[in-house]
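Peer 1: let me see the structure of the following:
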Amino acid sequence: MPNDTAEPKGLARELAVQLLALVDDGKTMPILLIDGRAGSGKSTLADEVQNEFFKLGESAPRIIHLDDLYPGWDGLQLGVEYLQRAVLTPLSKREVSHYQLFDWASGERKEWREFAGGTPLIVEGCGTINRNSIESADLSVWLEETEEIRKERWMGREGNDAHWAQWAAQELDFYARERSAELADRVIAVL
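Peer 2: Here you go, the predicted structure:
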């Protein structure tokens, strides 16, 4: 059950202000985790937080989309493990994170990316908030949305519902095990 409601632009600005306050307090790489079921608005919120932070702080946070890390439609858990292993663990040790983006067309990891910190990091996607990742987070938000709206957004993005049930089953299993919404700082129903 959401413990908060928010208008998207206002929420994005609020999160950007919180990230900037962390930077002003000396935290060189605050981490914001944004999670929720497919179609709940995670990517949109991450982009809006990035834009708001840029307006306030003169630099843009790095965004990592878990859609770029999942190794295909059966890969929710593997994508989450890859995020932890290739990104969050190295950063927690003050090392440079090196990770490969998954190419959905070819079905394999291709382009390399790296991140050394020095700016806030926003990680968004299904499975972002879990028992391991929450240890790295400075801020974490779980987004709630109705299944009807989530599926409508999915259809708009994917063009069909061929993988909807397959992905939803993985989400149900993952969130029942990890209890991600309960780990989040805030559970928000976006207006």
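Peer 1: which stretches of the chain have low pLDDT?
Peer 2: 1-3, 6, 8, 191 (pLDDT under 70).
Peer 1: do a quick rundown of the helices in this protein.
Peer 2: Ranges of helices within the chain are 8-24, 42-57, 76-82, 89-92, 147-158, 164-178, 180-183, based on DSSP state H.
Peer 1: between those, which gets nearest to Glu124?
Peer 2: Taking CB to CB, helix 42-57 is the member of the helices of the chain nearest to Glu124, at 4.1 Å. The way it works is simple: take the backbone N, C-alpha and C, and place the C-beta from them, glycine included.
Peer 1: which helices and strands does the closest one pack with?
Peer 2: helix 8-24, strand 31-36, strand 62-65, strand 121-124, strand 139-144 (3 or more CB pairs under 8 Å, 6 or more residues apart in numbering; DSSP states H and E).
Peer 1: residue closest to the middle of the chain?
Peer 2: Glu124 (1.0 Å; CA atoms, centre = their mean).
Peer 1: format the helices and strands packed on helix 42-57 as CSV; extra columns: distance to Arg157.
Peer 2: Output for the helices and strands packed on helix 42-57, formatted as CSV (distance: least, CB to CB, whole Å):
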stretch, distance to Arg157
helix 8-24, 17
strand 31-36, 15
strand 62-65, 12
strand 121-124, 14
strand 139-144, 16
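Peer 1: surely Arg186 touches Asp4?
Peer 2: Yes: using CB atoms under 8 Å, Arg186 is in contact with Asp4, at 5.5 Å.
Peer 1: gap between Leu69 and Val123?
Peer 2: 9 Å (CB to CB, to the nearest Å).
Peer 1: swap in Arg94?
Peer 2: 18 Å.
Peer 1: higher neighbour count, the two?
Peer 2: Val123 (26 against 10; other CB atoms under 10 Å).
Peer 1: wait, what's in contact with the more buried one?
Peer 2: By CB atoms under 8 Å, 6 or more residues apart in numbering, Val123 lies in contact with 31-34, 63-64, 66, 83, 87-88, 133.
Peer 1: ChimeraX command for the buried members of these?
Peer 2: In ChimeraX, a selection of the buried entries from the contacts of Val123 looks like this (16 or more other CB atoms under 10 Å):
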select :31,32,33,34,63,64,66,83,87,88,133
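Peer 1: returning to that earlier point: please name the bridge partners of the residue nearest to the centre of the chain.
Peer 2: Ile34, His65 (DSSP bridges).
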